[in-house]
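Trainee: sequence first, predicted coordinates after that:
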There are 2 protein chains.
Amino acid sequence: MKPTIRDIAEAASVSTAAVSYVINDKPGVSDETRRRVLKIMRDMRYRPNPQARGLAARRTGMIGLMIPDITDSFYVNVVRGVESMANELGYTLNLCTTHGDGDRERDVTERFASGGVDGVIAMTYRLTPSELKNLSSRRFPVVVIDNPDAAGWVPSLVVDNVELGRTATSYLFELGHSRVGFVHGVEGSVTSESRYRGYVETLNSHGMELSPELVAYGDFAYDGGARAARRLLSIHNRPTAIFAANDQMALGVMNAAAELGLAVPDDISVIGVDDIEASCLVAPGLTTLRQPTWEMGACAVQTLVDILKASEGQEQGEAADSRAISKVFQAELVVRGSCIARQP
Amino acid sequence: MKPTIRDIAEAASVSTAAVSYVINDKPGVSDETRRRVLKIMRDMRYRPNPQARGLAARRTGMIGLMIPDITDSFYVNVVRGVESMANELGYTLNLCTTHGDGDRERDVTERFASGGVDGVIAMTYRLTPSELKNLSSRRFPVVVIDNPDAAGWVPSLVVDNVELGRTATSYLFELGHSRVGFVHGVEGSVTSESRYRGYVETLNSHGMELSPELVAYGDFAYDGGARAARRLLSIHNRPTAIFAANDQMALGVMNAAAELGLAVPDDISVIGVDDIEASCLVAPGLTTLRQPTWEMGACAVQTLVDILKASEGQEQGEAADSRAISKVFQAELVVRGSCIARQP
DNA sequence: GCCTCGTACTTAACCGGTTAAGCAAGGATC
DNA sequence: GATCCTTGCTTAACCGGTTAAGTACGAGGC
């Protein structure tokens, strides 16, 4: 059987308390005893039981991570950041996927909150800000990523999608394109709407009016992008560049263009968002906007752990500075071959 | 503060033991009391503390999941299967990525074994079979996925990569191709070697000799595939079809071919393995072999939980049927546009 | 009427740690 | 020499559950 703290205590002829102090690097043990105990722990291959530790110390050393879909590279990259930082800070991850189902999200958070984890990093679009707010407290922090609605209610990390839209559109303008199409994601998506706003703002700042025939709806998937492209590219004064709200759609646009006999980038430039793996596996490579997903994941853990650390000090529980910290991240342009200067 | 079992017991005027019996659906409580306790639990929004439960019952309800890389779609799809089934069976997941680092793998399993989880599902190529065997026991089962070396030592789930190689190669032969190139992954990869064996066997069964100039090494990545393709396609009697050991390389092959002025599939057919997202986002779509990743993930959990259940009965610990169950899965051909019958 | 047995509980030990409080010994302070 | 800190430990309560063993009570058998 695995050795327990009692076995170690016995072997070292000290009390379990002393061993506990050694384990946790607390004062009150002489250097000599400390060394002896450490040696015995090593010799007996002792590892404290995390459950018992957690129970007594009221911490689990685990962070709950809730994402809609582990297939989507956006989330996956956030997970990587979370994993890295969590690991560095001595936490371990409890992963749950929700498939964007609100009930499942409630279920999972409930389970998390019931003592399974010390805090939660959530990517959710279904839970309302007040639900999140209710769940979250100083001793059970919830950090939300990529949900602008939650900002102000709970600690949040978001990408500035309006600015992202501006960056993408400005880039195309700088290349000399003036008729730029836009492909939305699913209708009602806050993310897509924000990118659209950046698009419109940039048009306006260049003294242009929005042409409704240059805007189409996709569904964030390849086929939707292709459909939208067939629409946009069949109008009489067709755009010379298309900005799609994500890469899957952008790739759909590229292939639909090819089917229509239009070469990318010579006849039409295409830009996407996300920098998914496929974007550098196609020819020409897709120019896109990379969101700092890894960084956000890492930052989320950092934020969570900071709150946890802060709560250790004061016993207040709720009071004090309960305003939610929000952090805004900017996307970065990744230039590949799918956009070129407009042919004169 | 959150209610504990004592609060419930008090509110229901029974002992904590009675409440525990209710929680765990055990006999020894009258229907009336049971109902009363259940109602109170609901009213007080009581959820038993998983740590305390685990400590007392010697189970955590968690499964450790160790994968090399969460970016690779093969692993991700396994994770999805694991997640689904674990969820269904009432287990929660503890995810760790190792980046294929042996020390980290040892570290993680060590941590898992020290009481964090009830069992482990591991995708590892660094730990030796005997290390795995040592780690694994009836009360702490380890199920290994995709490591043929481990089969026979611990319960294992593997894909029949030789058969996969045969399927891919036969398919190309059936389309009339007789000069078929092969692109290896990194040198020494068991997976790649197995696929290669299937390739060679199929050649032989069609009465052909292996032509060494038709075999090249990639590195499982896009660039390696492209490099290999440039080699294979520049020989004087070039292949009419290429079988790459994974999709990333196959896409590299496709693009390199295009750069050389060869059309896919008209001049050259290409087949890959894995069915990554990009494979259906390119034009033409990449014909590939899909491994039953989801199914393997789900099956791994099933196997693990079966062993756990079985161990509850007998107290033997080690003895009895300690032979490792192994299960072999077959890949499935996914036909898209990148392979066509050889032009006469 | 007594014994036995099953049912519906309760009691209390235990899981493996943490931690507040207590205490003995030795040195400094006055 | 009595008092007061420190230092270095030990004791024991506690975290929130589970579970073996014990008990009280009513029904059934003889």
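Mentor: All right, it came through fine.
Trainee: wait, doesn't A:Met62 sit right on A:Leu93?
Mentor: Yes: A:Met62 is within contact range of A:Leu93, at 7.0 Å (criterion: CB atoms under 8 Å). For the C-beta atoms, the positions are set from N, CA and C on the backbone; glycine is no exception.
Trainee: give me the common contacts of those two.
Mentor: B:Asn94 (CB atoms under 8 Å, 6 or more residues apart in numbering or on different chains).
Trainee: can you tell me the residue of the stretch 101-250 of chain A closest to chain B?
Mentor: A:Ser114 (3.5 Å; CB to the nearest CB).
Trainee: ok, now the stretch 201-344 of chain A?
Mentor: Closest point on the stretch 201-344 of chain A to chain B, by CB to the nearest CB, is A:Ala278, at 3.3 Å.
Trainee: rewinding a little: quick check: closest non-adjacent residue to the residue of the stretch 101-250 of chain A closest to chain B.
Mentor: B:Arg47 (3.5 Å; CB to CB, 6 or more residues apart in numbering or on different chains).
Trainee: tally of neighbours for that neighbour?
Mentor: 16 (other CB atoms under 10 Å in any protein chain shown).
Trainee: list the contacts of it.
Mentor: With the criterion set at CB under 8 Å, 6+ apart, B:Arg47 makes contact with A:110-111, A:113-115, B:2.
Trainee: please apply the same query to A:Leu232.
Mentor: By CB under 8 Å, 6+ apart, the residues touching A:Leu232 are A:181, A:183, A:213-214, A:216, A:238-239, A:242.
Trainee: just checking, which of those residues belong to helices?
Mentor: Nothing among the contacts of A:Leu232 maps onto helices, per DSSP state H.
Trainee: could you single out the nearest of these to B:Arg6?
Mentor: Nearest to B:Arg6 among the contacts of A:Leu232: A:Val183, at 58.3 Å, using CB to CB.
Trainee: tally of neighbours for the spatially closest residue to A:Gly116 that is not a sequence neighbour?
Mentor: Once flanking residues are discounted, A:Gly116 sits nearest to B:Pro50: 5.0 Å by CB to CB, 6+ apart. Here the count is done by other CB under 10 Å, and B:Pro50 has 22 residues near it.
Trainee: could I get the contacts of B:Arg47 as a markdown table with secondary structure?
Mentor: As requested, the contacts of B:Arg47 are arranged in a markdown table below (DSSP: H, G, I helix; E, B strand; the rest coil):
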| residue | secondary structure |
| --- | --- |
| A:Glu110 | helix |
| A:Arg111 | helix |
| A:Ala113 | helix |
| A:Ser114 | helix |
| A:Gly115 | helix |
| B:Lys2 | coil |
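Trainee: out of these, what pair is the most spread apart?
Mentor: A:Arg111 and B:Lys2 (13.2 Å).
Trainee: these two: which has the busier surroundings?
Mentor: Using other CB under 10 Å, the more surrounded residue of A:Arg111 and B:Lys2 is A:Arg111, with 18 against 13.
Trainee: okay, the more buried one: pLDDT?
Mentor: The per-residue pLDDT reported for A:Arg111 equals 89.
Trainee: circling back: relative to DNA strand D, which of the contacts of A:Leu232 is nearest.
Mentor: A:Val183 (50.6 Å; CB to the nearest atom of the strand).
Trainee: so what's A:Glu10 scoring on pLDDT?
Mentor: So A:Glu10 comes in at 94 (pLDDT).
Trainee: quick check, it in a helix?
Mentor: Yes: assessed with three-state DSSP, A:Glu10 lies in a helix.
Trainee: on that earlier part again, excluding its backbone neighbours, what's nearest the residue of the stretch 201-344 of chain A closest to chain B?
Mentor: B:Ala278 is the one closest to A:Ala278 (CB to CB, 6+ apart), at 3.3 Å.
Trainee: and the residue of the stretch 51-200 of chain A found nearest DNA strand D, how far from A:Tyr125?
Mentor: Here the residue of the stretch 51-200 of chain A nearest DNA strand D is A:Ala56; by CB to the nearest atom of the strand that distance is 3.5 Å. Distance, A:Ala56 to A:Tyr125, using CB to CB, to the nearest Å: 37 Å.
Trainee: looking at the two, which one has more neighbours?
Mentor: A:Tyr125 (17 against 11).
Trainee: in a helix, the more buried one, correct?
Mentor: No: under three-state DSSP, A:Tyr125 falls outside any helix and is assigned coil.
Trainee: and for the closest residue to it other than its chain neighbours, the neighbour number?
Mentor: Closest residue in space to A:Tyr125, ignoring its immediate chain neighbours: A:Asn147 at 6.0 Å, by CB to CB, 6+ apart. If you count neighbours by other CB under 10 Å, A:Asn147 ends up with 22.
Trainee: quick one: secondary structure of the residue most central in space within chain A?
Mentor: Central residue of chain A (CA atoms, centre = their mean): A:Val78, 4.0 Å from the mean position. Secondary structure, three-state DSSP: A:Val78 is helix.
Trainee: show me the contacts for it.
Mentor: Applying CB under 8 Å, 6+ apart, the residues near A:Val78 are A:67, A:123, A:145-146, A:293-294, A:296-297, A:300.
Trainee: in chain A, which spans are strands?
Mentor: Here chain A has its strands, by DSSP state E, at A:62-67, A:92-97, A:119-122, A:142-145, A:156-159, A:180-184, A:215-217, A:241-244, A:269-273, A:287-290, A:326-329, A:332-334.
Trainee: possible to save these as a markdown table with distance to chain B, mean neighbour count and mean pLDDT?
Mentor: Shown next, in a markdown table, are the strands of chain A (distance: least, CB to the nearest CB, whole Å; neighbours: other CB atoms under 10 Å in any protein chain shown; pLDDT from 0 to 100):
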| stretch | distance to chain B | mean neighbour count | mean pLDDT |
| --- | --- | --- | --- |
| strand A:62-67 | 8 | 25 | 96 |
| strand A:92-97 | 5 | 23 | 95 |
| strand A:119-122 | 13 | 29 | 96 |
| strand A:142-145 | 16 | 30 | 96 |
| strand A:156-159 | 19 | 24 | 96 |
| strand A:180-184 | 15 | 27 | 98 |
| strand A:215-217 | 19 | 19 | 97 |
| strand A:241-244 | 13 | 31 | 98 |
| strand A:269-273 | 11 | 29 | 98 |
| strand A:287-290 | 13 | 24 | 98 |
| strand A:326-329 | 20 | 16 | 95 |
| strand A:332-334 | 16 | 15 | 98 |
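Trainee: any chance of those strands in JSON lines, plus distance to DNA strand D?
Mentor: JSON lines is the format used below for the strands of chain A (distance: least, CB to the nearest atom of the strand, whole Å):
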{"stretch": "strand A:62-67", "distance to DNA strand D": "16"}
{"stretch": "strand A:92-97", "distance to DNA strand D": "18"}
{"stretch": "strand A:119-122", "distance to DNA strand D": "17"}
{"stretch": "strand A:142-145", "distance to DNA strand D": "20"}
{"stretch": "strand A:156-159", "distance to DNA strand D": "29"}
{"stretch": "strand A:180-184", "distance to DNA strand D": "47"}
{"stretch": "strand A:215-217", "distance to DNA strand D": "49"}
{"stretch": "strand A:241-244", "distance to DNA strand D": "50"}
{"stretch": "strand A:269-273", "distance to DNA strand D": "45"}
{"stretch": "strand A:287-290", "distance to DNA strand D": "44"}
{"stretch": "strand A:326-329", "distance to DNA strand D": "32"}
{"stretch": "strand A:332-334", "distance to DNA strand D": "46"}
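Trainee: I'm done for today, thanks for sticking with me.
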